[in-house]
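Visitor: I would like the atomic coordinates for the input below:
(one chain, ligands or ions: 1)
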Amino acid sequence: MDIVIVGGGAGGLELATRLGRKLGRRKRATITLVDRNNTHLWKPLLHEVASGSLDSGVDALSYRAHAYNHHFRFKIGSLNSVDRTAKTVTLAPLLDEDGIEVLPRRTLHYDILVLALGSVTNDFGTPGVRENAFFLDAPAQAERFHAKLLNDLLRLNRRAEDEDGAVYRVAIVGGGATGVELSAELHNTFTAMKAYGLEGLRPEQLQISLVEAGPRILPALPERIAGAAHQELVQLGVNVMTNTAVAEAHHGRFLTREGEVIEADMLVWAAGVKVPDHFANMAGLETNRINQWLVRATLQASEDDFVYAIGDCAACTMPDGQRVPPRAQSAHQMATHVYRNILRQIAGDEELQDYRYVDHGSLVNLARYSTVGSLMGNLTSGSMKIEGRIARVMYVSLYRMHQVALHGWFRTGLCMLSDSINKVIRPRLKLH
Ligand SMILES: Cc1cc2nc3c(=O)[nH]c(=O)nc-3n(C[C@H](O)[C@H](O)[C@H](O)COP(=O)(O)OP(=O)(O)OC[C@H]3O[C@@H](n4cnc5c(N)ncnc54)[C@H](O)[C@@H]3O)c2cc1C
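Guide: As a prediction, this is how the structure comes out:
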């Protein structure tokens with residue numbers, strides 16, 4: 001029995017780990033995880049990598065080492081196509097930085113295939129965005145962002161010695177959790193850099209514009225929680241621009257539908273998600289308008305019992321007609337559910353169960369300044385507001401739960417200990 005999981009993110013890596021421990025260890029099945037990268041970094045940490053509050057080199061997990069420890073195989077490569085008749089997936093040739101082939105095109109057989117490819121930022125076809133704005137879809141992008149940020153701050157510090165009015169402008173499109181959290185993280189980095197030799201920087205030199213097309217930021221959160229986050233950002237000096245739709249991006253500026261120009265040294269696009277266009281209707285599997293694979297309640301593809309989709313790339317409709325949101329908690333729950341359904345499918349003596357999304361709430365972390373959110377979304381319609389230290393602990397615990405799924409409780413405890421030690425022996429920011 002060959003089980004192939006494509007995408008080793010929040011959902012796929014947890015699933016491969018659990019299947020490896022259960023089936024791979026006893027050689028009851030061969031579990032293969034495919035990812036285009038060598039290392040895994042939990043995606044909700046990317047804005048912290050971009051701002052420098054997290055060093056991806058410390059937190060990234062090697063797929064190969066993890067596969068070895070958890071009895072599955074790892075193949076590096078990017079999914080090219082799926083042949084559902086032959087039951088194979090094809091991986092594109094792997095090229096090095098100079099474009100020289102490292103590995104040729106490869107074909108893997110599967111009996112059960114799980115698509116867990118995540119999503120990318122949706123630019124909604126807005127002209128100029130791909131060429132001129134930063135996205136936070138992958139660690140390499142976050143690291144490029146961080147390198148530019150450091151260079152820009154060095155330049156600003158140098159300019160501030162000669163010029164009184166020198167400022168650094170960042171324009172972020174998308175008032176969802178990513179845009180909001182990134183705004184606060186950048187403010188934190190800017191103020192902290194003073195301690196690391198950039199004495200010329202003053203908080204008022206940082207001008208962040210957070211641009212949202214809708215009437216308020218954090219539309220997925222209840223209004224009063226979004227209001228609290230809005231207030232906090234305003235206090236940090238962030239210019240929150242609601243009801244402002246960006247129509248074009250150019251080098252160093254966004255142009256709004258009303259013709260307003262938003263100039264910035266750094267343009268960031270964080271508005272909405274989609275699955276990359278080349279996966280639309282791949283292998284005859286049905287997709288929706290943002291290219292997510294349509295799945296039944298069992299999380300099997302709508303027209304194939306042996307293909308599952310989980311996480312951001314799956315379009316799963318709940319009984320009330322709502323779509324399961326693209327979040328880390330959904331990917332985590334779907335991974336657990338598909339793990340159980342695959343065991344049932346292999347055993348063949350039990351019916352597959354329907355997935356039910358449980359909304360544990362949503363939290364937004366504004367760097368060291370504050371954390372706000374709602375808990376138990378399903379039970380309280382998201383109205384149970386929490387903030388402060390408890391909210392921060394809950395926010396961090398989402399990542400800890402991911403670590404527990406990967407490493408177990410004991411090793412997660414060791415990770416927490418090593419994080420505490422790192423706080424003492426490493427600088428607060430990544431400075432290179
Ligand atoms: C900055 C940021 C902050 C966020 N904060 C939160 C938060 O606080 N709470 C929350 O619940 N959610 C948050 N999210 C959303 C959350 O990260 C996603 O919903 C979650 O990671 C989805 O998990 P996934 O397994 O579907 O995909 P991912 O975790 O994105 O994993 C997809 C994997 O597929 C691999 N892959 C992609 N394409 C290919 C290919 N062609 N071939 C091979 N491999 C491929 C990728 O390398 C990646 O490893 C945040 C997202 C971002 C960007």
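Visitor: contacts and neighbour counts: CA atoms only from here.
Guide: Will do.
Visitor: where along this protein do the helices fall?
Guide: Ranges of helices within the chain are 12-19, 46-51, 56-59, 63-69, 129-132, 139-162, 177-192, 223-235, 328-347, 377-380, 388-425, based on DSSP state H.
Visitor: For the second one, name the packing helices and strands.
Guide: Which is helix 46-51. Applying 3 or more Cα pairs under 8 Å, 6 or more residues apart in numbering; DSSP states H and E, one finds that helix 46-51 makes contact with helix 139-162, helix 177-192.
Visitor: go again using 10 Å as the cut-off
Guide: helix 56-59, helix 139-162, helix 177-192 (3 or more Cα pairs under 10 Å, 6 or more residues apart in numbering; DSSP states H and E).
Visitor: That helix and the ligand in contact?
Guide: Yes. Counting by Cα under 6 Å from any ligand atom, the ligand is contacted by helix 46-51 at 46-47.
Visitor: Quick check: mean pLDDT of that helix?
Guide: For helix 46-51, the mean per-residue pLDDT is 94.
Visitor: which residues make contact with it from outside it?
Guide: Helix 46-51 is contacted from outside by 41, 43, 52-57, 59, 136-150, 178-179, 181-190, 367, 429-430, using Cα atoms under 10 Å, 6 or more residues apart in numbering.
Visitor: before we move on, the earlier item: any idea which of the helices and strands packed on helix 46-51 gets closest to the ligand?
Guide: helix 177-192 (4.7 Å; Cα to the nearest ligand atom).
Visitor: and the closest one with helix 223-235, angle?
Guide: 30 degrees (axes from the mean of the first three to the mean of the last three Cα atoms, to 10 degrees).
Visitor: Compute the inter-axis angle for helix 177-192 and helix 139-162.
Guide: Going by the same axes, to 10 degrees, helix 177-192 makes 40 degrees with helix 139-162.
Visitor: In terms of secondary structure, what does helix 177-192 contact?
Guide: Helix 177-192 packs on helix 46-51, helix 139-162, strand 168-173, strand 206-211, helix 223-235, strand 266-269, strand 361-366, going by 3+ Cα pairs under 10 Å, 6+ apart.
Visitor: could these be laid out in a markdown table, adding distance to residue 315 and mean neighbour count?
Guide: Listed next are those as a markdown table, based on distance: least, Cα to Cα, whole Å; neighbours: other Cα atoms under 10 Å:
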| stretch | distance to residue 315 | mean neighbour count |
| --- | --- | --- |
| helix 46-51 | 24 | 26 |
| helix 139-162 | 25 | 17 |
| strand 168-173 | 25 | 23 |
| strand 206-211 | 27 | 23 |
| helix 223-235 | 26 | 17 |
| strand 266-269 | 23 | 22 |
| strand 361-366 | 20 | 23 |
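Visitor: re earlier: looking at the helices of the chain, which has the lowest confidence?
Guide: Among the helices of the chain, helix 377-380 scores lowest, at a mean of 51.
Visitor: what does the stretch 51-200 of the chain put close to the ligand?
Guide: So far as Cα under 6 Å from any ligand atom goes, the stretch 51-200 of the chain lies against the ligand at 77-79, 116-119, 136-137, 178.
Visitor: scratch that, the stretch 201-350 of the chain
Guide: So the stretch 201-350 of the chain meets the ligand at 311-313, 326-329, 331 (Cα under 6 Å from any ligand atom).
Visitor: Throw those residues into TSV and include distance to residue 279 and neighbour count, thanks.
Guide: Output for these, formatted as TSV (distance: Cα to Cα, whole Å; neighbours: other Cα atoms under 10 Å):
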residue	distance to residue 279	neighbour count
311	15	29
312	13	26
313	10	27
326	17	19
327	20	15
328	21	20
329	24	23
331	19	26
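Visitor: so what's residue 4 scoring on pLDDT?
Guide: At residue 4, pLDDT is 98.
Visitor: Does it touch residue 31 like I think?
Guide: Yes. Here residue 4 reaches residue 31: they are 6.0 Å apart, a contact under Cα atoms under 10 Å.
Visitor: list the residues that contact both of those two?
Guide: 16, 72-74, 110, 112.
Visitor: Sort out for me which of these are in strands.
Guide: Residues of the shared contacts of residue 4 and residue 31 located in strands (DSSP state E): 73-74, 112.
Visitor: Distance to residue 356, pLDDT and neighbour count added to the residues you listed, as JSON lines?
Guide: Shown next, in JSON lines, are those (distance: Cα to Cα, whole Å; pLDDT from 0 to 100; neighbours: other Cα atoms under 10 Å):
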{"residue": "73", "distance to residue 356": "30", "pLDDT": "98", "neighbour count": "19"}
{"residue": "74", "distance to residue 356": "30", "pLDDT": "98", "neighbour count": "22"}
{"residue": "112", "distance to residue 356": "22", "pLDDT": "98", "neighbour count": "20"}
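Visitor: Show me which of the residues you listed is closest to the ligand.
Guide: residue 74 (11.2 Å).
Visitor: Quickly list what that closest one is bridged to.
Guide: residue 33 (DSSP bridges).
Visitor: Return the residues in contact with it.
Guide: Per Cα under 10 Å, 6+ apart, neighbours of residue 74: 4-5, 8, 16, 31-35, 38, 63-68.
Visitor: ok, and the closest non-adjacent residue to residue 109?
Guide: Of all residues not flanking residue 109 in the chain, residue 88 sits nearest, at 4.4 Å (Cα to Cα, 6 or more residues apart in numbering).
Visitor: quick one, what contacts the one you found?
Guide: Residue 88 touches 4, 81-82, 106-113, counting by Cα under 10 Å, 6+ apart.
Visitor: try 8 Å this time
Guide: 82, 107-110 (Cα atoms under 8 Å, 6 or more residues apart in numbering).
Visitor: Which one of those is nearest to the ligand?
Guide: Nearest to the ligand among the contacts of residue 88, with distances taken as Cα to the nearest ligand atom, is residue 82, at 11.4 Å.
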